[in-house]
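Engineer: Sequence and predicted structure below; questions after.
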Amino acid sequence: MAFISENLAVNERGHLTIGGVDVMTLKEKYGTPLYVMDEDLIRQNLRTYRDALNTHYNGNGLCQFASKAFCTKYMCKIVAEEGLGLDVVSGGELYTALSAGFPAEKICFHGNNKTKEELTFAIGHDVGTIVVDHQYELTQIDAIAESMGKIQNVIFRVKPGIDAHTHDFIMTGQIDSKFGFALETGEALSAVGLVKDKKNLCYKGLHCHIGSQIFDVEPFRETAKVMMNFIKEIKEQFNLETEELDLGGGFGIRYVESDDPIPCDKYIEAVSLEVKEQAQKLSVAVPRILMEPGRSIVAPAGLTVYEVGCVKEIPGIRTYVSVDGGMADNPRYIMYGAEYTAVLANKADQNAEYTYTVAGKCCESGDVLIERAKLPEVAVGDTLCVLATGAYNYSMASNYNRIPRPAVVMVSNGADKLVVKRETYEDLIKNDL
Ligand code: LLP
């Protein structure tokens, strides 16, 4: 049986295991639907990034986990323990991180429309860096910092003009993006120039992010080149040193057999060669390199456990297998047409000879998890797992149809630990007046 992640196996009872723990045992203990995450794999992934950045930038790099992919207090603690930074995009993510005791100086605050309240909260709690997204924000951050008697480190989000989502990436499309300052129009250069007059801001550097679920090194390498050239331009124009260059996240992972991700250290090595080559060619110092991977750290470490409630054959068309979750806990098929792989945890040793459409329980025809899932013959009561759901599933879950969000369990070293409680019906009405 070919699984898409190396932390999954089949035990002597024919059950699926994750991180050495029998999924059927977890189902019995915590119920379904259930998010299960392999803590050991998350830590291993964090360390791979940390070590690769250290190796390829001579200790002058930092990986900041993009918490939008999976944000809970426990996850923030893991990231802190591994010595990495955190990228947050809202007051809520920032609050979660601070509540977990995450060191504020290692937090980078993003967003294309941070509110005044969010900025005040962030500056008041001494977040390490704020990523400036537009000119008005520059003035706002400066004014808030001044009112608190603080100097705030800022980096500028730049649209490098690279669209990594076309077949052959192109260098134009991204000007039409709500994020950041455009390079090709001169907008980014004039924005950086304004920082010199802001007494309560300290210019640290630049940020860019070209997309998500990318399998190709080239667009990343090209981006690094564009950004290094911009660093040179900033130095020439304003005599400003760019100490930090944040290259964002975006590495693809394997959701289905045909996905072919590049190991992150290979990518980091390739980009570092470009950065160093450009630094030499342009006579600028190699900046401290930051990265913000989200998906590639947590997605492969997670799976979602469901119980099959009904099997409905529509002769000559398809057979629906409906599970006790769906778009409320995983909206990625309905939003992006995302593909996934499923396994029956209680029949993990059987051949996947049948094709089913795995549907959810929401009142919505599009509530599908997998359109063509290969599975053994499915019966009511079977335990169906959707794999690689560790990123953008829990974090994007909703209460649509007033369905309580599932619990999250971490497994490590053969043991399990509840890290997010299952929501109750009472939780659903707690803010209703
Ligand atoms: N940094 C910035 C500025 C970002 O906008 C993102 C993702 C990341 C880092 C992390 O990217 P990653 O390494 O996870 O690809 N909900 C979508 C993904 C949206 C990604 C948005 N930004 C999904 O489920 O596929």
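Structural biologist: Alright, I've got the coordinates. Numbering: from 1, shown residues only.
Engineer: residues in contact with the closest residue to the ligand within the stretch 101-250 of the chain?
Structural biologist: Proximity of the stretch 101-250 of the chain to the ligand (CB to the nearest ligand atom) peaks at Gly249, 2.7 Å away. Yep, even glycine has a C-beta here, placed from its N, CA and C like the rest. Neighbour list for Gly249: Ala66, Asp87, His209, Ser212, Met291, Glu292, Pro293, Gly294, Arg295, Ser296 [criterion: CB atoms under 8 Å, 6 or more residues apart in numbering].
Engineer: For the ligand, see how far away the first one is.
Structural biologist: Think Ala66. Relative to the ligand, Ala66 is positioned 4 Å away (criterion: CB to the nearest ligand atom, to the nearest Å).
Engineer: What's the separation between the residue nearest to that residue when sequence neighbours are not counted and the ligand?
Structural biologist: Among residues not flanking Ala66 along the chain, Gly294 sits closest, at 3.1 Å (CB to CB, 6 or more residues apart in numbering). Using CB to the nearest ligand atom, Gly294 is found at 3 Å from the ligand.
Engineer: Look at Gly294 and report its pLDDT.
Structural biologist: Gly294 is assigned 98 on the pLDDT scale.
Engineer: Just give me the neighbour total for it.
Structural biologist: Neighbourhood size, Gly294 [other CB atoms under 10 Å]: 24.
Engineer: For it, list the residues it contacts.
Structural biologist: Counting by CB under 8 Å, 6+ apart, the residues that Gly294 touches are Phe65, Ala66, Ser67, Lys68, Ala69, Phe70, Asp87, Ser212, Gly249, Ala391, Tyr392.
Engineer: And those, which of them are buried?
Structural biologist: The neighbour count (16 or more other CB atoms under 10 Å) marks Phe65, Ala66, Ser67, Lys68, Ala69, Phe70, Asp87, Ser212, Gly249, Ala391, Tyr392 as buried among the contacts of Gly294.
Engineer: May I see those arranged in TSV, with pLDDT as well?
Structural biologist: TSV is the format used below for the buried ones among the contacts of Gly294 (pLDDT from 0 to 100):
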residue	pLDDT
Phe65	98
Ala66	98
Ser67	98
Lys68	98
Ala69	98
Phe70	98
Asp87	98
Ser212	91
Gly249	95
Ala391	98
Tyr392	98
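Engineer: Looking at the contacts of Gly294, spot the one nearest Arg332.
Structural biologist: Within these, distances to Arg332 taken as CB to CB reach their minimum at Tyr392, with 6.3 Å.
Engineer: So that closest one is in contact with Ser67, correct?
Structural biologist: No: at 11.5 Å, Tyr392 does not count as touching Ser67 under the criterion of CB atoms under 8 Å.
Engineer: I'd like to know which of the contacts of Gly294 are part of strands.
Structural biologist: Phe65, Ala66, Asp87 (DSSP state E).
Engineer: The last one is in contact with Ser67, isn't it?
Structural biologist: Right, the one you point to is Asp87. Yes: Asp87 lies in contact with Ser67 (CB under 8 Å); the separation is 6.3 Å.
Engineer: re the thing from before, between the buried ones among the contacts of Gly294, which sits nearest Tyr35?
Structural biologist: Once CB to CB is applied, the member of the buried ones among the contacts of Gly294 that ends up nearest Tyr35 is Phe70, at 9.2 Å.
Engineer: distance of the closest one from Gly294?
Structural biologist: Phe70 is 7 Å from Gly294, where distance means CB to CB, to the nearest Å.
Engineer: so what's in contact with those two at the same time?
Structural biologist: Joint contacts of Phe70 and Gly294 (CB under 8 Å, 6+ apart) are Ala391, Tyr392.
Engineer: Pretty sure Ser395 sits in a helix.
Structural biologist: Yes: the assignment for Ser395 is a helix, going by DSSP: H, G, I helix; E, B strand; the rest coil.
Engineer: what's around it, how many residues?
Structural biologist: The number of residues near Ser395, taken as other CB under 10 Å, comes to 17.
Engineer: isn't Lys417 right up against Met410?
Structural biologist: Yes: Lys417 is within contact range of Met410, at 5.0 Å (criterion: CB under 8 Å).
Engineer: Tell me which of those two has more neighbours.
Structural biologist: Each of Lys417 and Met410 has its neighbours counted (other CB under 10 Å); Met410 has more, 24 against 12.
Engineer: Residues contacting whichever strand or helix holds the more buried one, please?
Structural biologist: Using DSSP states H and E, Met410 sits in strand 407-412. Applying CB under 8 Å, 6+ apart, the contact partners of strand 407-412 are 18-21, 26, 30-31, 34-40, 72, 74, 394, 416-422.
Engineer: Need the nearest residue in space to the closest residue to the ligand within the stretch 301-433 of the chain, chain neighbours excluded.
Structural biologist: Nearest residue of the stretch 301-433 of the chain to the ligand: Tyr392, at 3.2 Å (CB to the nearest ligand atom). Spatial nearest neighbour of Tyr392, excluding adjacent residues (CB to CB, 6+ apart): Ala69 at 5.8 Å.
Engineer: and if you look at Pro404?
Structural biologist: The shortest distance from Pro404 to any non-neighbouring residue, by CB to CB, 6+ apart, is to Glu423 (3.5 Å).
Engineer: what about that neighbour, how many neighbours?
Structural biologist: Neighbour tally, Glu423, other CB under 10 Å: 16.
Engineer: ok, and it, which helix or strand is that part of?
Structural biologist: According to DSSP H and E, Glu423 maps onto no helix or strand at all.
Engineer: how distant is the longest strand along the chain from the center of its chain?
Structural biologist: Looking across the chain with DSSP E, the single longest strand is strand 302-314. In terms of CA atoms, centre = their mean, to the nearest Å, the centre of strand 302-314 is set 26 Å apart from its chain centre.
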